[in-house]
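Undergrad: My questions concern the predicted model and sequence given below.
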Amino acid sequence: MKLYCLSGHPTLPCNVLKFKSTTIMLDCGLDMTSTLNFLPLPLVQSPRLSNLPGWSLKDGNAFLDKELKECSGHVFVDSVPEFCLPETELIDLSTVDVILISNYHCMMALPYITEHTGFTGTVYATEPTVQIGRLLMEELVNFIERVPKAQSASLWKNKDIQRLLPSPLKDAVEVSTWRRCYTMQEVNSALSKIQLVGYSQKIELFGAVQVTPLSSGYALGSSNWIIQSHYEKVSYVSGSSLLTTHPQPMDQASLKNSDVLVLTGLTQIPTANPDGMVGEFCSNLALTVRNGGNVLVPCYPSGVIYDLLECLYQYIDSAGLSNIPFYFISPVANSSLEFSQIFAEWLCHNKQTKVYLPEPPFPHAELIQTNKLKHYPSLHGDFSSDFRQPCVVFTGHPSLRFGDVVHFMELWGKSSLNTVIFTEPDFSYLEALAPYQPLAMKCIYCPIDTRLNFIQVSKLLKEVQPLHVVCPEQYTQPPPAQSHRMDLMIDCQPPAMSYRRAEVLALPFKRRYEKIEIMPELADSLVPMEIKPGISLATVSAVLHTKDNKHVLQPPPRPAQPAGGKKRKRGSDDIPDCKVLKPLLSGSIPVEQFVQALEKHGFSDIKVEDTAKGHIVLLQEAETLIQIEEDSTHIICDNDEMLRVRLRDLVLKFLQKF
Amino acid sequence: MPEIRVTPLGAGQDVGRSCILVSIGGKNVMLDCGMHMGFNDDRRFPDFSYITRNGRLTDFLDCVIISHFHLDHCGALPYFSEMVGYDGPIYMTHPTQAICPILLEDYRKIAVDKKGEANFFTSQMIKDCMKKVVAVHLHQTVQVDDELEIKAYYAGHVLGAAMFQIKVGSESVVYTGDYNMTPDRHLGAAWIDKCRPNLLITESTYATTIRDSKRCRERDFLKKVHEAVERGGKVLIPVFALGRAQELCILLETFWERMNLKAPIYFSTGLTEKANHYYKLFITWTNQKIRKTFVQRNMFEFKHIKAFDRAFADNPGPMVVFATPGMLHAGQSLQIFRKWAGNEKNMVIMPGYCVQGTVGHKILSGQRKLEMEGRQVLEVKMQVEYMSFSAHADAKGIMQLVGQAEPENVLLVHGEAKKMEFLKQKIEQEFRLLPDAKKPRLLHGTLIMKDSNFRLVSSEQALKELGLAEHQLRFTCRVHLHDPRKEQETALRVYSHLKSVLKDHCVQHLPDGSVTVESILIQAAAHSEDPGTKVLLVSWTYQDEELGSYLTSLLKKGLPQGAT
């Protein structure tokens, strides 16, 4: 059993598990932090961005000035943004049988894997995961394709040149494998390989392994996975939450009794309390708007935004914001809002019961109905005529490198009345803001990450008691910025095994048993004997049938029937099949009783001699000698089969068969 | 063979009051709990005394499963749980859980308020009954207890309809409920994986029908409605509030739009809007096309179809009215029918199956003079049309499902006896399964039983685990050979002889002069008295007995002369 670790990002994992005869990929996360090294893609030409000075080496050599631009002391690649893919060389990805997806954020690399590695298997994911994952991909493709950029920089990737660059470019890993965004065609093809699954569905893989998604409480349709055979169990925990937000609560009980628990996707901001952050978000938003400023919320089109809208729904009237327009701008804004209302079965109990009334589960339906919230596919078109300030805009992408958010950053960045509030935890807000510096607008950092924190993890581990924990190396030490916080790491016994990108872990357990079914006919014929109190044994001779990795024991074929008229009788000339198995023997032979038995069966002239280890029984008449020791009996006789068989049967009477 | 017992408490060879008791692996599961539309007396509900005469329902039943919200599958539920008394879990899908209480309440109102029946279940009972419901997801494996698990599959038919797999250990039953194997305008086709149940219990409403293409039926339907409206007639379409109603509304809506027709379409009862709302919220249960386009255009928002008011029935001019219930046995549809029946310009289209005893069934079987309440005779002059739009699988569909699931046995229910006989033969003809080729292997081991834990291990392992020592039983036989040569040469002759005879065995000649066949040892020694005789000592363990005994008898016959 091995784990191949293809991603170094703890919340965007990509691991491959080899278990029994199957090869299972766990998640397919795409590390998008690589895009922070690139210049933003503006929707309309931005004079500021296009006039940034080219970067030159210390010695004044400016051959890179077309590719690299400098902004407030940071250097950016002026090119189509690129993403850091999971490792594709560590294992032959065409051998992957299935891919299990845990939530929509962890499937963004799917098209790269399914379309370009010879992958021929099946992908399993829940319906909300697929639908919202599709929206995220659609948005991403749309953001990048609608502003075609002629330039594709590659010179800087040259190893010898990269060494000379300033950080963080210098330290960026695997830049040669960075890829541009996929196309919608690739997305569609990748998504067509997905098979929809429901929570607690038991999915058989070749009859050898069973996989089951469990609710993980983090997002609509998000799941943890159980990968098990009859006697081994691996739990894959990825992006889970114990907070009460909109998704169905996390199923913890089913994670119990795992041999190995792979733990990924913990909170990226372990020191922030999501509830507190939501409060801060609301008050900062109100403050800015009251002062006549605009609020920009860079966000993904699904997920936390539903909770934020719900909070605002309760908050705006009491905060006197009823007249402030809320705009949600994304090519998939409408779809996302609509889709959120139809997944009642995947929502928390409160929201589920609303649907029975029938009412839409999320209150943003009412915000839309009352015109408080308006959504637009992009800032072109209807939006420009409806646009009123001051206002609140939710739009992507949270990296601030592409999407409509770039426009609003350029538009509102110069005024200190405006505020940008960061709620998504995936990108460092300082790095995200770097190409916009110097900025006058206020920046508020309220990261809302509902995933498990270390206190919750340690409680969870105590509860479900896995034998071994495997996690990304980042979780086995405190965060670099808070190296004294020993509480910000996983603490368990035995210590968690950690992995890093491109590593292969041998998981510490051995498979020892398989499940076998015994046919009733065979079970009937077994004769158990109690060896010790509570423990019985029965010897089994049977025929093992194996089909689809399922094993069944059936009664052995009857010994050749001599009665069969036409069949040739089995003569003594036939060479015996050495596959016929005889049981092992155990026990010891009490000499006196044995001698009595011999006498009873007509043997006479019996002499018993004591030896160092036991006895020798001599049958002088039959010229036979029987050595009896504690754990062995040796019958030495003339070649008289009848005699030998008689003696054998007498000996066997005193022994137990196994 | 495992024993699975099936007892239909209703809908054995009949449509209506579906209720099947399945006993499997020591568990008792009740599948559906329906009422019969054709009866107003005791026969309306399944006969639960079959269970209760031996004790309480809750003690006997491990769970109840409801396949979908049609009353002939869930109509007796409040009676069963609140009046007869059952407190165990009731499983159904989310849409069924949402819609079922509404239909039950509707049914109760008609029975109690309109017909004045006493001793019927109350609104509160419906609520209490629904509290016992546990909602299941599609494909979710629900562990009812440690041994019993159930799993729902998509069944088409109506919103939220499901087929259920019931599994105890390695034994399983699949109950289809009502299902549809062809996608229609708003629902997808039923699907099940190759779960190979021991028994498939399938409905067989349309056991003998192989329906013509759906498109033809739809065209026919539209043509008839269109003609009637053109000649100024009124068209009554009795439907149940949820199910076919939505399908036909979508059909008429698109037709009206395309043909730019002006005649009004009405939908009776206040349920409509609410019903359509359910369809919008449970859109994941509809077919792929609707699911894909719902963001742009929700198919359940109708432009041409408006709410019906009782007074409209007397309005002059053409109109189309969808009215509940679907079998003309009560309520608004029956009222409108009585009003319009006398005019030959009018038309009633029965889009689904009608059970015996209902007005719908009577007019479909050609009866034109109906005896109504109060000895009144109603003469039916209006056109009566029957169009099978109910979403049941036809014979072809049933065969298809049998092919998908690959059951060991098939049980037909929810159909008419004669038609079932026909389908039975057909299934028997088509699915005669051939045994699979397997690679059997002989195995010997020890089964260790400790509490309820059974482990099959090798005999050596069993001995080791129990701390027992193996007792070795060894035999050594003396075989006398007439051979004046030296022992070493005798051994060599034995070796080459055995080598030539035992081609499949490992025969070795060891440096110390002995010969081995597998683990059997043969040594040659001189005879103490007779120099012309050699003694072969053949030694083997009990486990090699067959081969050992064979070798002695072989050697006893002597060595071939030519051998060196």
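TA: Happy to help now that I have it. Numbers count the residues shown, from 1 in each chain, chains lettered A, B, ... in the order given.
Undergrad: quick one: contacts for residue A:434?
TA: A:36, A:71-72, A:74, A:76 (CB atoms under 8 Å, 6 or more residues apart in numbering or on different chains). (C-beta placed from N, C-alpha, C; glycine too.)
Undergrad: Spell out which residues make up each domain of the chain.
TA: Going with chain A. A:2-267+A:451-506, A:274-445, A:585-657 (the TED database).
Undergrad: Chain B is the one I meant
TA: B:4-209+B:391-431, B:214-386, B:441-471, B:474-557.
Undergrad: count of residues packed around the closest residue to residue B:143 other than its chain neighbours?
TA: Distances taken as CB to CB, 6 or more residues apart in numbering or on different chains place residue B:149 nearest to residue B:143, at 5.2 Å, with adjacent residues excluded. Residues near residue B:149, counting by other CB atoms under 10 Å in any protein chain shown, number 19.
Undergrad: got the phi/psi numbers for residue B:149?
TA: Note on residue B:149: its backbone torsions stand at phi -130, psi 150 [degrees, to the nearest 10].
Undergrad: Run through the bridge partners of it.
TA: Beta bridges link residue B:149 to residue B:143, residue B:167 when assigned by DSSP bridges.
Undergrad: would you turn the domains of chain A into a markdown table with distance to residue A:530 and mean pLDDT?
TA: Output for those, formatted as a markdown table (distance: least, CB to CB, whole Å; pLDDT from 0 to 100):
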| stretch | distance to residue A:530 | mean pLDDT |
| --- | --- | --- |
| domain A:2-267+A:451-506 | 25 | 93 |
| domain A:274-445 | 51 | 94 |
| domain A:585-657 | 11 | 87 |
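Undergrad: chain center to the worst-scoring helix or strand of chain B on mean pLDDT: distance?
TA: Lowest by mean pLDDT, DSSP states H and E among the helices and strands of chain B is helix B:271-281, with a mean of 79. In terms of CA atoms, centre = their mean, to the nearest Å, the centre of helix B:271-281 is set 28 Å apart from its chain centre.
Undergrad: What helices and strands are in contact with that helix?
TA: Where contact means 3 or more CB pairs under 8 Å, 6 or more residues apart in numbering or on different chains; DSSP states H and E, helix B:271-281 is packed against helix A:333-342, helix B:94-108, helix B:244-259, strand B:305-307.
Undergrad: got a list of contacts for that helix?
TA: A:341-342, A:344, A:355, A:358, A:360-361, B:95, B:98-99, B:102, B:106, B:159, B:186, B:241-242, B:245-246, B:286, B:294, B:298, B:300-302, B:305, B:307, B:324.
Undergrad: just stretch A:62-74 next, same as before
TA: A:39, A:52-57, A:75-79, A:151, A:153-156, A:161, A:165, A:169, A:434-435, A:437-438.
Undergrad: swap the cut-off to 6 Å and go again
TA: Residues outside stretch A:62-74 that contact it (CB atoms under 6 Å, 6 or more residues apart in numbering or on different chains) are A:39, A:52-56, A:75-76, A:78, A:153, A:155-156, A:434-435, A:437.
Undergrad: follow-up on the earlier one: any idea which of the contacts of residue A:434 is closest to chain B?
TA: residue A:36 (32.0 Å; CB to the nearest CB).
Undergrad: what about the nearest residue to the closest one once chain neighbours are set aside, helix or strand, and which?
TA: Distances taken as CB to CB, 6+ apart place residue A:431 nearest to residue A:36, at 4.7 Å, with adjacent residues excluded. Using DSSP states H and E, residue A:431 sits in helix A:429-433.
Undergrad: Pairing partners for the next helix or strand after that helix, with directions?
TA: As assigned by DSSP H and E, the chain's next helix or strand after helix A:429-433 is strand A:442-445. The strands beside strand A:442-445 in its sheet (DSSP bridges) come out as strand A:419-422 (parallel).
Undergrad: Cross-check the contact I'm expecting between residue B:523 and residue B:537.
TA: Yes. Assessed by CB atoms under 6 Å, residue B:523 is found in contact with residue B:537 at 4.7 Å.
Undergrad: Identify the residues contacting the helix holding residue A:431?
TA: Contacts for helix A:429-433 (CB under 6 Å, 6+ apart): A:36, A:399-400, A:422, A:445.
Undergrad: Flag every buried residue along that helix.
TA: Buried positions in helix A:429-433, judged by neighbour count with 16 or more other CB atoms under 10 Å in any protein chain shown: A:429, A:432-433.
Undergrad: between those, which is nearest chain B?
TA: Looking across the buried residues of helix A:429-433 and measuring by CB to the nearest CB, the closest to chain B is residue A:432, at 30.0 Å.
Undergrad: SS state for residue 266?
TA: Looking at chain A here, since you left the chain open. For residue A:266, the assignment made with DSSP: H, G, I helix; E, B strand; the rest coil gives coil.
Undergrad: do you know which of the domains of chain B lies nearest residue A:605?
TA: domain B:474-557 (18.7 Å; CB to CB).
Undergrad: and that closest one, average pLDDT?
TA: Throughout domain B:474-557, pLDDT has a mean value of 86.
Undergrad: Could you see whether chain A lies near it?
TA: Yes. Remark: domain B:474-557 sits within contact range of chain A at B:474-479, B:543, B:546-547, B:550, B:552-553, B:556, by CB under 6 Å from any CB of the partner chain.
Undergrad: who's in contact with residue B:164?
TA: B:65, B:150, B:152, B:175.
Undergrad: how near is residue A:213 to residue A:257?
TA: Separation of residue A:213 from residue A:257 (CB to CB, to the nearest Å): 18 Å.
Undergrad: burial measure for the closest residue to residue B:533 other than its chain neighbours, as a count.
TA: Spatially, and ignoring its direct neighbours in sequence, residue B:533 is nearest to residue B:527 (4.2 Å; CB to CB, 6+ apart). Residue B:527 is flanked by 15 other residues according to other CB under 10 Å.
Undergrad: Might you report the residue contacts of residue 58?
TA: Since you didn't name a chain, this refers to chain A. Residues near residue A:58 by CB under 6 Å, 6+ apart: none.
Undergrad: looking at chain B here, not the other one
TA: B:86-88.
Undergrad: Quick check on those residues: which are buried?
TA: Members of the contacts of residue B:58 classed as buried by 16+ other CB under 10 Å are B:86, B:88.
Undergrad: Dump the contacts of residue B:58 to TSV, plus distance to residue A:279.
TA: Below are these laid out as TSV (distance: CB to CB, whole Å):
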residue	distance to residue A:279
B:86	48
B:87	44
B:88	45
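Undergrad: Just want the angle from the one helix or strand residue B:228 maps to to helix B:244-259.
TA: For residue B:228, the element it lies in under DSSP H and E is helix B:214-230. Interaxial angle, helix B:214-230 versus helix B:244-259 (axes from the mean of the first three to the mean of the last three CA atoms, to 10 degrees): 70 degrees.
Undergrad: send the alpha carbons of helix B:214-230 over as PDB?
TA: Extracted C-alpha coordinates of helix B:214-230, given in PDB (Å, rounded to 0.1, in the frame of the first residue of the first chain):
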ATOM      1  CA  LYS B 214     -43.900   8.500 -27.500                       C
ATOM      2  CA  ARG B 215     -43.800  11.100 -30.200                       C
ATOM      3  CA  CYS B 216     -46.800   9.600 -32.000                       C
ATOM      4  CA  ARG B 217     -48.800   9.500 -28.900                       C
ATOM      5  CA  GLU B 218     -48.000  13.100 -28.200                       C
ATOM      6  CA  ARG B 219     -48.900  14.100 -31.700                       C
ATOM      7  CA  ASP B 220     -52.200  12.200 -31.400                       C
ATOM      8  CA  PHE B 221     -53.000  13.800 -28.100                       C
ATOM      9  CA  LEU B 222     -52.300  17.300 -29.400                       C
ATOM     10  CA  LYS B 223     -54.300  16.700 -32.500                       C
ATOM     11  CA  LYS B 224     -57.300  15.600 -30.500                       C
ATOM     12  CA  VAL B 225     -57.200  18.500 -28.100                       C
ATOM     13  CA  HIS B 226     -56.700  20.900 -31.000                       C
ATOM     14  CA  GLU B 227     -59.600  19.500 -33.000                       C
ATOM     15  CA  ALA B 228     -61.900  19.700 -30.000                       C
ATOM     16  CA  VAL B 229     -60.900  23.200 -29.200                       C
ATOM     17  CA  GLU B 230     -61.300  24.200 -32.900                       C
END
